[in-house]
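Enquirer: show me the folded form of this:
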Amino acid sequence: MQNRARGYKAKTVGQNFENLIERSCRYYAHKKIALIEKTPEPLKMVRAGRGREVVAVFEKKGQPDFKGTLKGGRSIVFEAKHTSANLIKLDRVELHQMDNLSSHNQLGAECFILISFQLRSFYRVPIEDWEAFPDKLNKKSANEKDLEEYKVEINKGVIDFLGEL
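Expert: As a prediction, this is how the structure comes out:
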């Protein structure tokens, strides 16, 4: 029961982070800076359950969380990760997600990991730097001090992950 409550809380906080990102994306779209959208989960409905319940399975491995286009035509692709702890494990970005981000990056897209610590501090880590962290930091996780150079501000409910506020 305690694990279920913890899981529900984590899902709720993660959803709040996603909502904050989507608000930021709407701001960037309104200002004609970028058009960035949440990537839908690759789910396939297996059967309808009772009421509003649906049984579904993942059809394939998930894509990065957000994709879009920056003003001028460059693509943007990023993964969002939230932690309620004081560190984030470097393996939180799964191998298939890293491969996908790296492929987009090699083609010239702007690719990064957007990290939230307790929905109060936010960090935008370029994919190349995230890939190098295990060797650079010589540990399996990063704390806010490790990420200080990547910190981005939040202003009026908008995360400034593009540096345009």
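Enquirer: mind jotting down where the strands sit in this protein?
Expert: Remark: strands of the chain, listed N- to C-terminal, are 34-38, 43-48, 54-58, 66-70, 75-83, 87-89, 110-117, 121-126, 141-143, 151-152, 154-155, 158-159; assignment by DSSP state E.
Enquirer: now the longest one against strand 121-126, angle please.
Expert: What it means is strand 75-83. Inter-element angle recorded for strand 75-83 and strand 121-126: 140 degrees (by axes from the mean of the first three to the mean of the last three C-alpha atoms, to 10 degrees).
Enquirer: got a list of what Asn100 touches?
Expert: Contact criterion C-beta atoms under 8 Å, 6 or more residues apart in numbering gives 63-64, 77 as the residues in contact with Asn100. Every C-beta, even on glycine, is put in place using the N, C-alpha and C of the backbone.
Enquirer: of the residues you listed, which is the nearest to Ala85?
Expert: Distance to Ala85 across the contacts of Asn100 (C-beta to C-beta) is lowest for Pro64, with 22.4 Å.
Enquirer: wait, the closest one touches Lys81, no?
Expert: No: between Pro64 and Lys81 there is no contact, the gap being 11.0 Å when judged by C-beta atoms under 8 Å.
Enquirer: how about low-confidence regions in the chain?
Expert: Low-confidence regions of the chain, defined by pLDDT under 70, span residues 1-13, 42-49, 51-52, 54-62, 165.
Enquirer: ok, what's across the strand from the residue nearest to the spatial centre of it?
Expert: By C-alpha atoms, centre = their mean, the mean C-alpha position of the chain lies nearest to Ala80, the distance being 0.9 Å. Applying DSSP bridges to Ala80 gives these bridge partners: Leu114.
Enquirer: do the same with Gly68
Expert: When bridges are called by DSSP bridges, Gly68 pairs up with Ile36, Ile76.
Enquirer: I'd say it and Cys25 touch.
Expert: Yes: under the criterion of C-beta under 8 Å, Gly68 makes contact with Cys25 at 7.4 Å.
Enquirer: the more surrounded of those two?
Expert: Comparing Gly68 with Cys25 by other C-beta atoms under 10 Å, the one with more neighbours is Cys25, at 23 against 20.
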